[in-house]
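*Asks:* no sequence on hand, only this structure:
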């Protein structure tokens, strides 16, 4: 393969990864909500697809990128229908192959079939022409860390980081299929300072592939803090399976959307002391608090941060009374219900989870 071909293929792979971060911008239509969303006060581009369809999978990252581009356009809906789930709906609109893309003008349930190129650029141009909009292709951040010979050791062999590495080749079909899922994984863990989701073009950097015994693509290896020789990743390649693996290996508590779970921040060794603290008399609370401080001081890494929250919560409970935890949890829930940034959401969720161990209602 020529250098130019590799560059073009790599560019295509990068676009696939970029687009995946905005999958949730595509509105999912069903028999129940189709006519509530389509044929109303905005034009709608609808993809009729089947989950097993190879052409649909290839279109998915482009279509998601399109949806991101029109996210703020109130006059346009970018949507999709699973024809395996909603056969009668797809039959109603004459769908006989996948994917079928149709444009429904504002106020109409009479579609116009889209028959041009299946790229985000071509789709955007079509929608702009039909809807009279002027949307631009969304600039999408890339959260997968790109490795090369000059930064591989610095990032992967860092003993303060858990690193998952995908060794791929730009021409590899399985790698292209994995790319959007892998980018979603990187997005889910982007706020975890000691977790890195990375990839390396092992076709270009053959020395790295050979060093780590890569004989096929994609090959995934996990480099935990305590084993920089690397471990083979033999798990599933669905997003939930990757997320579960990272949570188990790194002690994190994220879901597939990157949000902290209700277990995030809790430390089992401290939870047992909290139970003692909550049930102790006023006279004995100080003694249990001292033990809690001692145990929290022993914690390392991210757990040390959680320990400080435990100590602060216990101190506030002593100073403000038994209702403090309950009232503060309610305040944090109100804050979380508002539109806040992901870092603040993490901060409030950690506090809420830890305070829940102090609440008599838990």
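*Replies:* Structure's in. What do you need? The shown structure was predicted, so the numbers you read here are calculated from the model rather than taken from an experiment.
*Asks:* mind listing what's buried along stretch 244-260?
*Replies:* By neighbour count on 16 or more other Cβ atoms under 10 Å, the buried set for stretch 244-260 is 244, 245, 246, 247, 249, 250, 252, 253, 254, 256, 258, 260. (C-beta placed from N, C-alpha, C; glycine too.)
*Asks:* what's in contact with it?
*Replies:* Identification of contacts with stretch 244-260 by Cβ atoms under 8 Å, 6 or more residues apart in numbering yields 24, 162, 164, 184-185, 187-192, 194-195, 222, 224, 233, 235, 239-240, 243, 261, 263-265, 302-303, 342, 345-346, 349-350, 353.
*Asks:* from the residues you listed, which would you call buried?
*Replies:* Buried subset of the contacts of stretch 244-260 (neighbour count, 16+ other Cβ under 10 Å): 162, 164, 184-185, 187-190, 192, 194-195, 222, 233, 239, 243, 264-265, 302, 345-346, 349-350, 353.
*Asks:* verify the contact between residue 127 and residue 77 for me.
*Replies:* No. Residue 127 lies out of contact with residue 77 (Cβ atoms under 8 Å); the separation is 10.0 Å.
*Asks:* mind listing the shared neighbours of those two?
*Replies:* Residues touching both residue 127 and residue 77 (Cβ under 8 Å, 6+ apart): 43, 45.
*Asks:* quick revisit: tabulate the buried residues of stretch 244-260 (TSV), appending secondary structure.
*Replies:* Below are the buried residues of stretch 244-260 laid out as TSV (DSSP: H, G, I helix; E, B strand; the rest coil):
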residue	secondary structure
244	helix
245	helix
246	helix
247	helix
249	helix
250	helix
252	coil
253	coil
254	strand
256	coil
258	coil
260	strand
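*Asks:* wait, which of these is closest to residue 116?
*Replies:* Set against residue 116, the nearest of those by Cβ to Cβ is residue 256 (32.8 Å).
*Asks:* all strands of the stretch 51-200 of the chain, in order?
*Replies:* Remark: strands assigned in the stretch 51-200 of the chain by DSSP state E, counting those that start in this stretch are 76-82, 100-104, 112-114, 145-147, 162-168, 195-201.
*Asks:* any low-confidence regions in the protein?
*Replies:* 1-24, 138-141, 360-362 (pLDDT under 70).
*Asks:* run the last query once more with 50
*Replies:* Filtered on pLDDT under 50, the chain yields the residue ranges 1-23, 362.
*Asks:* center of it, which residue is that?
*Replies:* Residue closest to the average C-alpha location in the chain (Cα atoms, centre = their mean): residue 188, at 3.3 Å.
*Asks:* who touches that residue in this structure?
*Replies:* Taking Cβ under 8 Å, 6+ apart, we find residue 188 in contact with 239, 243, 254, 255, 256, 257, 258.
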